[in-house]
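J.: I'll drop the sequence and a predicted model, then ask my questions.
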Amino acid sequence: QVQLVESGGGLVQPGGSLRLSCAASGFTFSTTAMRWYRQAPGKERELVASISSVGGLTNYADSVKGRFTIARDNTKNTLYLQMNSLKPEDTAVYYCSSVRRGRPEYWGQGTQVTVSS
């Protein structure tokens, strides 16, 4: 069955960095576009970044442009999100999703990122 398993979250001080990973299985990762979303307490889930199947096209929310980088390794079936210059407002549960016909299809369980001093 399809599995998306996020890891790499944690507590970090403002200005710090984290790298999230999303290990995928149960589908053809190399031909599937992927996304990172996040959801802060009391807020709707928002799209953070997306990447095409071969990694040539990426898009970012304005709030993370220049600070976050989405990447993928199709040989390892793994999606990444490098997060630099973290701010308290980046605190959220981060989810990876696969994309089918322009919409998220499968979701991971999420990983908590907390930015606080």
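T.: Thanks, I have it. A quick note: this is a predicted structure, and the numbers were derived from the prediction, not measured.
J.: in this protein, which residue is closest to the centre?
T.: Centrality entry for the chain: nearest residue to the mean C-alpha point is Trp36, 3.0 Å, by Cα atoms, centre = their mean.
J.: list the buried ones in the helix or strand harbouring that one?
T.: Assignment of secondary structure by DSSP states H and E places Trp36 within strand 34-39. Neighbour-count burial for strand 34-39 flags Met34, Arg35, Trp36, Tyr37, Arg38 (criterion: 16 or more other Cβ atoms under 10 Å). Bear in mind the C-beta positions are built from the backbone N, C-alpha and C, glycine included.
J.: Test my guess that the fourth one contacts Lys43.
T.: Think Tyr37. No. Shown here, Tyr37 and Lys43 do not form a contact pair, counting by Cβ atoms under 8 Å, at 11.5 Å.
J.: What does the pLDDT read for Gly55?
T.: At Gly55, the model reports a pLDDT of 71.
J.: I appreciate the help and will end here.
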